[in-house]
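**Q** just a sequence and a predicted model for now, questions to come.
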Amino acid sequence: MAPSGGDRIPEAGFWDLFDVFYKDDDLLSFNSSGLENDLRKFLFGQHIAAETILKAVSWFMKDPDPPKPLVLSFHGPTGVGKSYVTKIIARNIYKMGGKSNHVHTFISDYHFPHTCEAETHEFQLRQWIHGNVSSFPQSMFIFDEMDKMQPRLIDAIKPFLDYNDNVDGVSFNKAIFIFLSNAGGHIITNVTLDFWRKGNNREKLQLQSEGMETQIFKYLFNDENNGLWHSSLINQHLIDHYIPFLPLEQKHVHQCVMAEMVHLNITPDYDVADKVARDMPFFPEEEKIFAVKGCKSVKQKLVWRQI
Ligand SMILES: Nc1ncnc2c1ncn2[C@@H]1O[C@H](COP(=O)(O)OP(=O)(O)OP(=O)(O)O)[C@@H](O)[C@H]1O
């Protein structure tokens with residue numbers, strides 16, 4: 001009964017009815033090499049994200065007494081694997097992976113559409129998180145379109161993210177919070193493009209290259225149009241890692257097509273994958289180096305070819 005199932009956040013107290021379902025032990029014994037293998041095998045073209053996520057999640061999962069919950073903020077253009085990687089993380093933590101009752105996904109526009117109901121949403125969101133963590137401390141909360149979230153709601157979850165022994169008798173220090181957004185995506189794209197134009201090997205691009213991490217941080221700190229700016233999450237340093245997802249090139253889209261063929265039980269065909277990848281739109285106008293939609297709609301293109 002997580003919001004990811006398409007349900008609105010229920011009335012306060014509603015989750016008490018489901019307490020019994022949260023008693024099951026859905027946790028896997030965490031193994032960092034399992035996560036490493038999955039990231040290496042299934043996540044294409046995201047060496048910075050893969051490395052940072054592996055270190056952050058492994059360190060956190062192995063700590064028997066973390067001082068605060070793990071808070072990750074994923075940034076990047078569309079279709080480059082931000083949501084996808086949350087599933088990879090989830091399946092290395094929970095037996096039921098992303099379908100676990102302990103993985104809760106909130107989509108700003110869907111779950112919190114009306115500013116006028118902010119007070120109700122704020123209350124329900126707090127209740128939902130508090131209730132779930134009190135039943136299952138290792139819960140995971142994913143906030144999609146975080147930059148569009150009302151600052152008031154972001155501030156509502158702040159006490160859960162901080163260095164607190166407990167909030168109303170519940171410790172949140174074993175929970176994981178992941179924020180997804182396109183905020184800062186243009187900075188990541190520009191840095192990657194500059195790097196490419198200088199003839200550098202993409203894999204040599206690092207979090208600190210061209211001050212990328214600082215640039216993202218500064219942008220979030222200064223851009224009045226994104227919800228994070230208005231909240232105090234950034235200046236109170238409650239986010240542990242800002243993780244950039246790079247724009248994908250044609251070879252990565254090709255890898256996505258090959259993976260999707262396996263997923264769809266189609267015999268993988270390198271040439272067909274090549275055609276599908278080439279058919280996707282690329283930018284900038286002159287060089288056509290990055291996929292406009294990343295690996296989004298690869299599945300639709302493939303299915304379309306099968307009809
Ligand atoms: N780097 C990648 N490696 C492997 N598959 C990928 C990658 N990026 C995207 N995909 C595929 O494309 C689909 C769409 O990607 P995803 O939903 O993760 O994009 P996103 O970065 O969250 O985009 P948005 O910002 O628009 O929400 C995924 O389900 C996955 O199948």
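**A** Thanks, I have it.

**Q** burial of L54, as a residue count?
**A** Counted with other CB atoms under 10 Å, residues neighbouring L54 total 18. (Each C-beta comes from the backbone N, C-alpha and C, glycine too.)

**Q** for it, which residues are in contact?
**A** 32, 35-36, 39 (CB atoms under 8 Å, 6 or more residues apart in numbering).

**Q** I'd like those as JSON lines, with distance to S171 and neighbour count appended.
**A** Formatted as JSON lines, the contacts of L54 follow (distance: CB to CB, whole Å; neighbours: other CB atoms under 10 Å):
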{"residue": "S32", "distance to S171": "23", "neighbour count": "15"}
{"residue": "L35", "distance to S171": "24", "neighbour count": "21"}
{"residue": "E36", "distance to S171": "28", "neighbour count": "16"}
{"residue": "L39", "distance to S171": "29", "neighbour count": "21"}
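
**Q** take those and keep only those in strands.
**A** Counting by DSSP state E, those place none of their members in strands.

**Q** low-confidence ranges in the protein?
**A** 1-24, 114, 225-231, 307 (pLDDT under 70).

**Q** quick one: I178 is in a helix?
**A** No - checked against DSSP: H, G, I helix; E, B strand; the rest coil, I178 lies outside a helix; its state is strand.

**Q** quick one: it and P69 touch, right?
**A** No - counting by CB atoms under 8 Å, I178 stays clear of P69, with 10.5 Å between them.

**Q** D194 contacts E210, correct?
**A** Yes - look at D194 against E210 with CB under 8 Å: they come within range, at 6.5 Å.

**Q** which one's more surrounded, those two?
**A** A direct count of neighbours by other CB under 10 Å for D194 and E210 places E210 higher, at 16 against 13.

**Q** pull the contacting residues for the more buried one.
**A** 191, 194-195.

**Q** show me what from the stretch 101-250 of the chain comes close to the ligand.
**A** Counting by CB under 6 Å from any ligand atom, the positions of the stretch 101-250 of the chain adjacent to the ligand are 180, 182.

**Q** tally of neighbours for the residue of the stretch 101-250 of the chain found nearest the ligand?
**A** With CB to the nearest ligand atom, the shortest gap between the stretch 101-250 of the chain and the ligand falls at N182, namely 5.2 Å. The local packing of N182 (other CB under 10 Å) involves 20 other residues.

**Q** contacts only, for it.
**A** Applying CB under 8 Å, 6+ apart to N182 gives the contacts 75-78, 147.

**Q** E260 too?
**A** So E260 contacts 298-299, 302 (CB under 8 Å, 6+ apart).

**Q** mind checking which helix or strand it is in?
**A** helix 250-263 (DSSP states H and E).

**Q** identify each buried residue in that helix, please.
**A** 250, 252-261 (16 or more other CB atoms under 10 Å).
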